[in-house]
Structure formats: structure tokens, C-alpha cells
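**Q** missing the sequence, but the structure's below:
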């Protein structure tokens with residue numbers, strides 16, 4: 001979006017009371033540009049990379065969570081059996 005609108009390329013120096021309006025207008029105009037001219041192949045490739053990275057991160061978090069739960073259960077069973085032996 002910053003490539004299309006000079007307003008977003010640099011630090012916002014105008015009246016900050018209107019920043020939200022200016023940003024919303026840029027977003028709306030960008031959406032209209034996308035709607036008028038479909039995304040380029042490199043945009044599609046970038047989107048696929050983002051989705052793939054997000055999916056890999058999610059899977060890594062899930063694997064870590066499962067491993068932590070397994071370790072917790074094993075440690076809990078060991079504590080319970082140690083108490084039962086006493």
C-alpha cells in the first residue's frame with residue numbers, strides 16, 4: 001500500500017486528527033485498485049509464502065504444546081507413583 005500512496009511512504013506530518021480518515025481512504029483506494037486489476041503473480045507468491053510461514057509456525061506451536069503436555073503428564077505420574085511408594 002505504501003508503494004501506491006506517497007502519504008504512507010514517510011512519517012505522517014499532517015494533522016494527526018485526520019490520520020485515521022486518510023489511512024482509511026488509502027485502504028479503500030487500494031482495495032479498489034486490487035479489484036480493478038487482479039493481483040500480480042508475485043503478489044500471489046508472496047501471499048503463499050505468508051500463509052505457508054503462518055501454517056508452519058502454527059504447527060510448531062502445536063507440536064511444542066503436545067510435547068509439553070506429554071512431559072507434564074509423565075512428571076505428574078512420576079510424582080504420584082513416588083507418593084504412593086512412600
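**A** Cool, got the structure. Owing to the predicted nature of the structure, the values given are computational and were not obtained by experimental measurement.
**Q** What score does the residue nearest the centre of the chain have for pLDDT?
**A** Among the residues of the chain, residue 54 comes closest to the average C-alpha position under C-alpha atoms, centre = their mean, at 6.6 Å. For residue 54, the model assigns a pLDDT of 96.
**Q** do residue 51 as well
**A** Here, the pLDDT recorded for residue 51 equals 95.
**Q** on that earlier part again, which stretch of helix or strand covers the residue nearest to the centre of the chain?
**A** Assigned by DSSP states H and E, residue 54 belongs to helix 41-85.
**Q** For residue 70, see how far away the residue nearest to the centre of the chain is.
**A** From residue 54 across to residue 70, the span is 25 Å (C-beta to C-beta, to the nearest Å). For the C-beta atoms, the positions are set from N, CA and C on the backbone; glycine is no exception.
**Q** again with residue 84
**A** 21 Å.
**Q** Which one's more surrounded, those two?
**A** Neighbours per residue, other C-beta atoms under 10 Å: of residue 84 and residue 70, the larger number sits with residue 70, 10 against 7.
**Q** That one and residue 83, how far apart?
**A** From residue 70 to residue 83 the distance is 21 Å (C-beta to C-beta).
**Q** same question, residue 72
**A** Counting by C-beta to C-beta, the gap from residue 72 to residue 83 is 17 Å.
**Q** repeat for residue 39
**A** In this structure, residue 39 and residue 83 are 61 Å apart, going by C-beta to C-beta.
**Q** neighbour count winner among those two?
**A** residue 39 (11 against 8).
**Q** How about that one, nearest residue that isn't a chain neighbour?
**A** Distances taken as C-beta to C-beta, 6 or more residues apart in numbering put residue 47 closest to residue 39, at 7.6 Å, once the chain neighbours are dropped.
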